[in-house]
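Student: Mind looking at a prediction? Sequence and model below.
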Amino acid sequence: MTESVCLPAATLKPSTIALPGSKSISNRTLLLAALSDNVCEIHSLLKSDDTDRMLEALEKLGVELEFISEGRLKVHGTGGRFPNREADLFLGNAGTAFRPLTAALAVLGGNYHLHGVPRMHERPIGDLVDALRTAGADVQYLGNEHYPPLRICERTDNGVRTIPIKGNVSSQFLTALLMALPLTGQAFEIEMVGELISKPYIDITLKLMAQFGVHVENQNYRVFKLPANARYHAPENLYVEGDASSASYFLAAGLLSGQPVRVTGIGKNSIQGDVAFARELEKIGADVTWGDHFIEVSRPADRTIQAFDLDANHIPDAAMTLAVVALAAGAPCTLRNIGSWRVKETDRIAAMAAELRKVGATVTEEPEAIRIVPPAVLTPDAEIDTYDDHRMAMCFSLVSLLGVPVVIKDPKCTHKTFPTYFEVFASLHK
């Protein structure tokens, strides 16, 4: 039997939540620190399945990791060349580890086998592999064409310095290429083919690369120019921001409950695009307070939650939370331009539609959009399947704030990014 957790209908108290470290920043930082020419002490590193897979891979590649205390470690950089040129790397379902490591290892060359759980082998990687092959990399598919698992061999410098890449499936492909190409020591231009989705995640990548000494010229997200003779040099100490995607559940709780809920570890100067989620809450009825290191959301008792029709391409992960907020809007809501949901930990459009129907919503599923008509009365005790997707579990916990109990199956899937989520969520209750 699958383990489940029953969340009773709950009211909240004013609360402050210290966020776990950002997954996106944690795994990017680990890889950049490992490729630097010095030692970097990382603070507030996320402890999760995804970061565990990255740490395991780096150790197998010969990177010296010095664990100091929880969330704090020293990474002894390898000067842009991993000591072990042969390794078998299991990366679970961690896209933030699989895609950047694929690019870095393909550019450096060696003899590597990269694989993961069955769902990872269903998540496309062909656009990244095509770009790497243009740069002379030898990357082979060991299963279905355009999907992991992969074999990576020696790269041949073919003199090509302009690399086209598609950006309409996942911004992680461009992130991976941006982080890897400086390892060649050559100047490169990356040209976008078609639309680039999730631009705020590219901003995270570029800002972190700059902190590690490599400055990329961004020409309106169409062309990216990487300098010659670049080397990664880490800051002596780096502090990982709190996870803005994980913040979305608590910020939404402040809107739904009306009680002030504050998250710490992010603020008005965050480099993460998902802080824009709070601005979307503001548009539909929330009071939002922005601090340097916190965001707080509440809602006056006499203010209703407004329906929305939103192009959510700029906040694809946090937008999932809005799909559950739609249940409280009292009118149809639409999230558009979310085709990337289809190739995440599960097909999130299909999964979200199926589970929203269980609580009574009428849902129209489109290729790149979802339309939600909230029911007059929510169905109590709905048993929510989570599809081994951490965000499905965390999103649907919010149903318990709408006056009905809900059952979340396989709550441990939150270990991917937030192992203590349900304990922290319970701490909000009166």
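Tutor: Okay, I see it.
Student: Helices of the stretch 301-430 of the chain, start to end?
Tutor: 319-325, 348-358, 390-397, 421-426 (DSSP state H, counting those that start in this stretch).
Student: care to break the chain down by domain?
Tutor: Using the TED database, the domain parsing of the chain gives 4-20+241-428, 23-224.
Student: Residue 234: which of those domains is closest?
Tutor: Closest approach to residue 234 among the domains of the chain is made by domain 23-224 (3.4 Å; Cβ to Cβ). C-beta coordinates here come from the backbone N, C-alpha and C atoms, glycine included.
Student: low-scoring stretches of this structure, by residue?
Tutor: Under the criterion pLDDT under 70, the flagged ranges of the chain are 1.
Student: Which single strand of it contains the most residues?
Tutor: Ordering each strand of the chain by length in residues (DSSP state E) puts strand 188-196 first.
Student: Give the burial count for residue 122, as a bare number.
Tutor: 16 (other Cβ atoms under 10 Å).
Student: Show the contacting residues for it.
Tutor: Taking Cβ atoms under 8 Å, 6 or more residues apart in numbering, we find residue 122 in contact with residue 147.
Student: Same check on residue 133?
Tutor: residue 139.
Student: quick one: secondary structure of it?
Tutor: Per DSSP: H, G, I helix; E, B strand; the rest coil, the secondary structure class of residue 133 is helix.
Student: Am I right that residue 163 sits in a strand?
Tutor: Yes - Residue 163 sits within a strand when classified using three-state DSSP.
Student: So in terms of bridging, what pairs with it?
Tutor: Beta bridges link residue 163 to residue 190, judged by DSSP bridges.
Student: Same list (the helices of the stretch 301-430 of the chain) but as JSON lines, adding mean neighbour count.
Tutor: Below are these laid out as JSON lines (neighbours: other Cβ atoms under 10 Å):
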{"stretch": "helix 319-325", "mean neighbour count": "27"}
{"stretch": "helix 348-358", "mean neighbour count": "21"}
{"stretch": "helix 390-397", "mean neighbour count": "27"}
{"stretch": "helix 421-426", "mean neighbour count": "17"}
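Student: Among those, which comes closest to residue 90?
Tutor: Among the helices of the stretch 301-430 of the chain, helix 390-397 sits nearest to residue 90 (Cβ to Cβ), with 18.8 Å.
Student: Redo the helices of the stretch 301-430 of the chain as TSV? Include distance to residue 182.
Tutor: Formatted as TSV, those follow (distance: least, Cβ to Cβ, whole Å):
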stretch	distance to residue 182
helix 319-325	32
helix 348-358	33
helix 390-397	31
helix 421-426	36
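Student: nearest to residue 158, of the ones you listed?
Tutor: For these, the distance to residue 158 is smallest for helix 348-358, at 38.0 Å, taking Cβ to Cβ.
Student: And that closest one, how far out from the chain middle?
Tutor: 20 Å (Cα atoms, centre = their mean, to the nearest Å).
Student: Check stretch 200-218 too.
Tutor: With Cα atoms, centre = their mean, you get 17 Å for stretch 200-218.
Student: what's the answer for stretch 238-248, then?
Tutor: Distance, centroid of stretch 238-248 to centroid of chain: 10 Å (Cα atoms, centre = their mean).
Student: Go through that stretch and flag the buried ones.
Tutor: Neighbour counts over stretch 238-248 (16 or more other Cβ atoms under 10 Å) mark 238, 240, 241, 242, 243, 244, 245, 246, 247, 248 as buried.
Student: quick one: secondary structure of the first one?
Tutor: What that stands for is residue 238. Going by three-state DSSP: residue 238 is strand.
Student: I'd say it and residue 74 touch.
Tutor: No - Residue 238 lies out of contact with residue 74 (Cβ atoms under 8 Å); the separation is 10.8 Å.
Student: shared neighbours of these two, which are they?
Tutor: Contact criterion Cβ under 8 Å, 6+ apart; residues shared by residue 238 and residue 74: 40, 41, 42.
Student: closest to residue 121 out of the helices of the stretch 301-430 of the chain?
Tutor: helix 348-358 (17.9 Å).
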